[in-house]
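Trainee: Would you be able to build a 3D model of this:
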Amino acid sequence: MFAVDMTAGHLAKSQALQADALDFAGDVMTYGISLAVIGASLRARTSAALFKGFSLLLMGLWVFGSTVYRVFYVGVSTAETIGAVGFLALLTNLASAFLLVRYEDGDANVRSVWLCSRNDAIGNVAVMFAALGVWGTATDWPDLIVATIMAGLFLSSAFQIVRQALAERRDIFEHEHAEA
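Mentor: From the prediction side, this is the model:
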């Protein structure tokens, strides 16, 4: 879906689809890292969660910055492409979120996977609303607004993941020093 979203986003001039594509790429990284550290020490899992949180932070900042750029330098998006690809991505992400919902309250590592899947489904619905908005207004503002909201969602999730991982890290430190 990353390739489909990114290609369609580029062809349709849609910042929201390109943000969604980056979210898919982030998911691949998040799922891979999460699987790699399952069963590892809590320290390893919190390190993985911190890496994922900071990666999500960078992605959110990039989407926000590139959206601001698009306000000044790119024309109107193609609503039909945005809507069709957004719907396909929604179906994909709903299946993933359904499989992961039981992990929404896990440790920082597992919770980061749930947050990414939740963000994807929310983002896909927003992308479809952007398509309707672009079609109805014949302007790019709905697409840019949705991309900005997605950037905010990425940033919010990044802060949640980092905050939880740091708290878990602090608990490890306190536990180790209490035993010493």
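Trainee: Point out where the protein drops to low pLDDT.
Mentor: 104, 108-109, 180 (pLDDT under 70).
Trainee: tell me the centre residue of the protein?
Mentor: The chain has Asp23 as the residue nearest its centroid, 4.0 Å off, counting by C-alpha atoms, centre = their mean.
Trainee: pretty sure it is in contact with Phe154, am I right?
Mentor: Yes - Asp23 is within contact range of Phe154, at 7.3 Å (criterion: C-beta atoms under 8 Å). To be clear about C-beta, it is placed using only N, CA and C from the backbone, and glycine gets the same treatment.
Trainee: Check the contact lists of the two and give me the overlap.
Mentor: Residues touching both Asp23 and Phe154 (C-beta atoms under 8 Å, 6 or more residues apart in numbering) are 59, 119.
Trainee: how close does the residue nearest to the centre of the chain get to Gly60?
Mentor: In this view, Asp23 and Gly60 are 10 Å apart by C-beta to C-beta, to the nearest Å.
Trainee: who touches both of the two?
Mentor: Shared contacts of Asp23 and Gly60, counting by C-beta under 8 Å, 6+ apart, come down to Phe154.
Trainee: re earlier: ok, the residue nearest to the centre of the chain - contacts?
Mentor: So Asp23 contacts 59, 116, 119-120, 123, 150, 154 (C-beta under 8 Å, 6+ apart).
Trainee: Of these, just say which sits nearest to Thr67.
Mentor: Met150 (8.8 Å; C-beta to C-beta).
Trainee: where's that closest one, which helix or strand?
Mentor: helix 141-179 (DSSP states H and E).
Trainee: Now do that helix: distance to the chain's middle.
Mentor: Centroid displacement of helix 141-179 relative to its chain, using C-alpha atoms, centre = their mean, to the nearest Å, is 12 Å.
Trainee: Counting neighbours, which bits of it end up buried?
Mentor: With burial defined by 16 or more other C-beta atoms under 10 Å, the residues of helix 141-179 counted as buried are 142-151, 153-155, 157-158, 160-162, 164-165, 168-169.
Trainee: Quickly note the distance from the nearest residue to Ser96 once chain neighbours are set aside to Ala48.
Mentor: Leaving out its chain neighbours, the residue that sits closest to Ser96 by C-beta to C-beta, 6 or more residues apart in numbering is Ser117, at 4.8 Å. Remark: distance between Ser117 and Ala48 (C-beta to C-beta) = 17 Å.
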